[in-house]
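>>> how would this look folded up:
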Amino acid sequence: MMTADTTLQHPGRFLRRADAAEYVHAHYGFPCSKQWLAKLATTGGGPIYVKAGKFPLYSVEDLDAWAQARLSAPMRATGIPAGEA
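So this is what the prediction gives:
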């Protein structure tokens, strides 16, 4: 299994689905499983991926872009952005 540290040392490398889920959870803190990524690959809304034969592969850059797009702006309270008093 590839660790996040190994991936960061080799930009442009691809992660298999289980490693991609582990990367997202470790770096962004929200739940992510290989099953969820598989579902999103069929229903839409997941990160961009390529296939090598039957294997879906995710780039770290695409995982980062997808995970960051899922995060809201900083909040002070429910419905109150952090920049407001």
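
>>> okay, Thr7: pLDDT?
Here the pLDDT value assigned to Thr7 is 43.

>>> and what of the one 3 residues further on?
pLDDT, the model's per-residue confidence, is 49 for His10.

>>> name the helices or strands packed onto the longest strand anywhere in the chain?
The longest strand of the chain (DSSP state E) is strand 55-59. Under the contact criterion of 3 or more Cβ pairs under 8 Å, 6 or more residues apart in numbering; DSSP states H and E, strand 55-59 touches strand 14-16, helix 17-28, helix 34-43, strand 50-52. C-beta coordinates here come from the backbone N, C-alpha and C atoms, glycine included.

>>> Output the third one as CSV, restricted to C-alpha atoms.
Put plainly, it is helix 34-43. The C-alpha coordinates for helix 34-43 follow below in CSV (Å, rounded to 0.1, in the frame of the first residue of the first chain):
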residue,chain,number,x,y,z
LYS,A,34,-13.1,2.9,-1.7
GLN,A,35,-16.8,1.9,-1.8
TRP,A,36,-17.9,5.5,-1.8
LEU,A,37,-15.4,6.4,-4.5
ALA,A,38,-16.7,3.4,-6.6
LYS,A,39,-20.3,4.6,-6.2
LEU,A,40,-19.3,8.2,-7.2
ALA,A,41,-17.5,6.8,-10.2
THR,A,42,-20.9,5.4,-11.4
THR,A,43,-23.3,8.1,-10.2
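
>>> Appreciated, that's everything.
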